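In: just coords:
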């Protein structure tokens, strides 16, 4: 999307250009303002303006020269780099297959870039060997160094590179990055740490890494969306991470939500029982997340039935929506009865969710919908039931028409 | 469509990522196959219209559309019978099931292992 | 005579000070904007986007496409929207009482069938006549309603929307394949974000391959070329700068993404203005600030929306007149925000800036020219000062345009040939040799028509969403048309 080089030089050049312009302009403003208030004097208007024009012309030449040169050079530069990178990919594949010897010394940037790209692309023993190559040639050490120091742009680039490399030894550096006061660095580091954590094989290291990452995210109060992403990205390590996040003493509501959502998204059935207490949590969003999670798990522990049933009549609309979706997992006769009742809810969205849930129950649900479409005492419920049945028909037609 | 004879096949790879493209070319060529690589759905349609491929390797998230739509068109509208192997980063069960339902012969998730891919390609071609 | 001369001299000095202050301010914003773009450009990596697509972490979006008499382009537009690169979204086309074949084309192309649908009518709108669904595209919904204007059509679309984010998009726009993906990132990264605006770039001159802009070439006419420079300046420098300062007042109606609950909370779009996009943003700021709810409204340079801009001067001037009237209506409607510390930087800085420099700018400019003419007639015009000042204004404008062109050059998809780059440079010069002044004059008149033509507004929307400009063009308003 963007060319990530030459931009800082550009910003500096622009800063110089602005300053060039700003000096005579400020002087002009000052002199004229003084004149307005009856303090004539200073240089003549003509000479100040002349200075301003000269400065603006210099600024224009500076900026334009840079822009035209950049546009010209960057096109060529990219072509050569792309070719070099591609050549490197081929070369690395040959090296991996043993048909070419490993290069000695420090790698050039294209070589590292090709290797990082391969690390993302290949799986299994090749991938492991790429990780070794990256470490052996000092690439990881260099990236870790630039991830911690220097300009924000350069640091972000290094963090993204580490997030592609997924080298367990860099995990600590990345977790430290989460503590950075710059939110961009903090978020990028958290994602990179999660991706790296997913590749930590040793169980003990994994737990330790998960604990450190969870602490860092809590300390930085990262937003819900990011914590959720981190949980999902950490793949096999997600269980450790979720456990730490939920066990943390007095976790923040967004964190709890993210952890519970992670349980649902990753279908971590072993956590089903852990979700139950949150079905009665004081925070609406947390309660909704817990309902969403059991719904995604497709399994309602016995102990949760009461919570789900009472959530069906919660004050808050979106809780009722999620509760309705989860209610399909109650024992069938109970589910059918409760969902039919929800068809008459005052919120359109709950009625919709009830209809969808009934559809998901198969023939029995469809039969109840059909009956509701004719006999439900509530007019809106009848409409919704009819709508859902019609949707079913058009889905069928679509499947046939293709 | 040309019948596949023996070990060598002409394969169309539809892939937008430059690394994967290079790896596919390298792997398949060194195994003796002929490979054409295109970057998106529309280029793929043009290449397929020439219709001289023994097999298609298909990525799902393409810059100009969804590989599944292309797959559906290949199978339903054109009635093509050559094997299609989906090579995608989408690893959710739903995506895999959907790919296979729409007529893919195999589904390999990225990151992938080149030897394994070669073996699967061989199996698809051998059918 | 002496009094007149004194008045003229006084005005001259005021005008120069006005210009100098504005130039300084704008250079400052431009610098902040440039820095924001540079940081933003490194924020969303390809790996990150791939992760999102592959792992199912995203917020579903309802794209809302209001359409009025667009039989020629609607099918292509819808096709480009339904092939967007996003895992879960729906496209809701709202035909706003079209009298041509818009509905027929859609029915034919997408095998639409009528569906007596039940939905929540949260926002009041003109009656919806029918809702149709496609037998081919599961994510497509088409609603036909009685004419009520663009804002009313979008409101109807919001009522029908199923997903937590809504994205009103002009039907003559093409979205970049990743536009939605990149825009929604902002909602994930920060829970307090309630609206995100993207960059709008002129489509004129681009080759279109399968519903997406491919190679970019300079269009033939200068009117179009000038707008390319204008848009780059307005979005990459202006809006980026305002957003960075937390004081973004406009998200262009051509493409923006909003949290549905936020829009519903403030009652949807206001149908009584021709600048409904800006009005919504101002109202969101206002209502959320009043309720004491943390909120952010941001501009993100990455999501790109391509739009066909007017290709002839007449339509362009009409469009600018409309924007300016919209601007004044909105500023006036929310006049209580002016200088009000309760609204933070917005009330203390952005809104006053818009009154003083955006709203009144053309007035000062035109009065300046008149005073020049009078001075010249009286023989008291200091020719040296006149020429120097003119050169200064032109050069300063060109510097900013070149900086914007520089940001454009950093995009992977840019005007790449050497001759195109040179035309971009030339366009920034040409802009100040008449074009800019003409637009200023049109906006000057628009300023005084705001009140009078307010009464006509009941009629204007009925004239259709896009009939205002001949090329059927955008509702983009720029941050600054300086």
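Out: The structure has been received and is ready for your questions. Keep in mind the model is a prediction, meaning the values are calculated, not measured. Numbering: from 1, shown residues only, chains lettered A, B, ... in the order given.
In: So, low pLDDT: which residues of chain A?
Out: A:40-43, A:401-402 (pLDDT under 70).
In: So which residues of it form strands?
Out: For chain A, no strands are identified by DSSP state E.
In: can you tell me which helix in it is longest?
Out: helix A:45-96 (DSSP state H).
In: quick one, helices of the stretch 201-350 of chain C?
Out: Ranges of helices in the stretch 201-350 of chain C, per DSSP state H, counting those that start in this stretch, are C:222-232, C:240-244, C:260-265, C:276-290, C:313-333, C:344-345.
In: how far away is residue A:204 from chain B?
Out: 25 Å (CB to the nearest CB, to the nearest Å). Using the backbone N, CA and C atoms, a C-beta is placed for each residue, glycine as well.
In: Determine which stretch of the helices of the stretch 201-350 of chain C is the most buried.
Out: helix C:240-244 (a mean of 26; mean count of other CB atoms under 10 Å in any protein chain shown).
In: how about it, does it get close to chain A?
Out: No - remark: helix C:240-244 sits outside contact range of chain A, by CB under 8 Å from any CB of the partner chain, the gap being at least 12.3 Å.
In: circling back to that earlier point, just send the helices of the stretch 201-350 of chain C back as CSV, with distance to residue C:403 too.
Out: CSV is the format used below for these (distance: least, CB to CB, whole Å):
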stretch, distance to residue C:403
helix C:222-232, 9
helix C:240-244, 11
helix C:260-265, 33
helix C:276-290, 25
helix C:313-333, 23
helix C:344-345, 23
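In: Those helices: which one's closest to chain B?
Out: Comparing the helices of the stretch 201-350 of chain C by their distance to chain B (CB to the nearest CB), the top pick is helix C:222-232, with 23.5 Å.
In: other SSEs contacting that closest one?
Out: In terms of contacts (3 or more CB pairs under 8 Å, 6 or more residues apart in numbering or on different chains; DSSP states H and E), helix C:222-232 is packed against strand C:193-202, helix C:313-333, helix C:383-410, helix C:418-430.
In: pLDDT of it, averaged?
Out: Across helix C:222-232, pLDDT averages out at 94.
In: any idea of the angle that helix forms with helix C:313-333?
Out: 30 degrees (axes from the mean of the first three to the mean of the last three CA atoms, to 10 degrees).
In: Not counting its own residues, what contacts helix C:222-232?
Out: With contact meaning CB atoms under 8 Å, 6 or more residues apart in numbering or on different chains, helix C:222-232 is reached by C:200-202, C:204-205, C:218-219, C:309-313, C:316, C:401, C:404-405, C:407-408, C:415, C:423-424, C:427-428, C:430-431, C:435, C:476, C:478, C:481.
In: Might you list the low-confidence residue ranges for chain B?
Out: B:1-7, B:127.
In: Tell me which residue is most central in it.
Out: residue B:57 (1.0 Å; CA atoms, centre = their mean).
In: Let me see the contact set for that one.
Out: Per CB under 8 Å, 6+ apart, neighbours of residue B:57: B:11, B:12, B:13, B:14, B:15, B:24, B:84, B:85, B:87, B:121.
In: The second one reaches residue B:44, doesn't it?
Out: Yes - using CB atoms under 8 Å, residue B:12 and residue B:44 qualify as a contacting pair, with a distance of 7.0 Å.
In: any residues in contact with both of the two?
Out: B:38, B:56.
In: Show me which of these two is the more surrounded one.
Out: Using other CB atoms under 10 Å in any protein chain shown, the more surrounded residue of residue B:12 and residue B:44 is residue B:44, with 26 against 23.
In: That one is in what secondary structure piece?
Out: Using DSSP states H and E, residue B:44 maps to helix B:41-50.
In: Partner strands of the helix or strand following that helix, with direction?
Out: Counting by DSSP H and E, the next helix or strand C-terminal to helix B:41-50 is strand B:55-58. Paired neighbours of strand B:55-58 in the sheet (DSSP bridges): strand B:10-14 (parallel), strand B:84-88 (parallel).
In: Distance to residue A:334 added to those strands, as CSV?
Out: CSV is the format used below for the strands paired with strand B:55-58 (distance: least, CB to CB, whole Å):
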stretch, distance to residue A:334
strand B:10-14, 49
strand B:84-88, 40
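In: nearest to residue C:258, of the ones you listed?
Out: Among the strands paired with strand B:55-58, the nearest to residue C:258 by CB to CB is strand B:84-88 (31.7 Å).
In: Briefly note if the next helix or strand after that closest one comes near chain A.
Out: Sequence-wise, the next helix or strand downstream of strand B:84-88 (DSSP H and E) is helix B:93-101. No - interface with chain A: helix B:93-101 contributes nothing (CB under 8 Å from any CB), its closest point being 9.1 Å away.
In: Quick check: residues of chain B near chain A?
Out: Going by CB under 8 Å from any CB, the residues of chain B near chain A are B:17-20, B:22-23, B:26-27, B:72, B:76, B:110-114, B:116.
In: Give me the mean pLDDT for the helix or strand hosting residue C:34.
Out: In the assignment (DSSP H and E), residue C:34 maps to helix C:2-43. For helix C:2-43, the per-residue pLDDT values average out at 86.
In: And stretch C:437-445, by the same measure?
Out: 93.
In: Show me what that stretch is in contact with.
Out: Residues contacting stretch C:437-445 (CB under 8 Å, 6+ apart): C:313, C:316-317, C:320-321, C:324, C:361-363, C:365-366, C:369, C:481.
In: Among those residues, which ones lie close to chain B?
Out: Restricting these to those near chain B - CB under 8 Å from any CB - leaves none.
In: How about stretch C:145-160 and chain A, any contact?
Out: No - counting by CB under 8 Å from any CB, chain A has no neighbours in stretch C:145-160; the shortest distance is 9.8 Å.
In: Just the buried ones from the contacts of residue B:57?
Out: Among those, those buried by neighbour count (16 or more other CB atoms under 10 Å in any protein chain shown) are B:11, B:12, B:13, B:14, B:15, B:24, B:84, B:85, B:87, B:121.
In: and the nearest residue to the fourth one once chain neighbours are set aside, what is it in contact with?
Out: Beyond its immediate neighbours in the sequence, the residue positioned closest to residue B:14 (CB to CB, 6 or more residues apart in numbering or on different chains) is residue B:44, lying 4.5 Å away. Residues touching residue B:44, when contacts are defined by CB under 8 Å, 6+ apart, comprise B:12, B:14, B:38, B:56, B:58, B:70.
In: from the residues you listed, which is closest to chain A?
Out: Using CB to the nearest CB, the contacts of residue B:44 come closest to chain A at residue B:70, 14.3 Å.
In: Can you give me the neighbour number for the closest one?
Out: For residue B:70, using other CB under 10 Å, the count is 24.
In: Residue B:45 touches residue B:70, doesn't it?
Out: Yes - Residue B:45 lies in contact with residue B:70 (CB under 8 Å); the separation is 7.2 Å.
In: Show me what from the stretch 201-350 of chain C comes close to chain B.
Out: Checking the stretch 201-350 of chain C against chain B by CB under 8 Å from any CB, the hits are C:209, C:210, C:211, C:212.
In: So which of those residues are in strands?
Out: Per DSSP E, the subset of those in strands is C:209, C:212.
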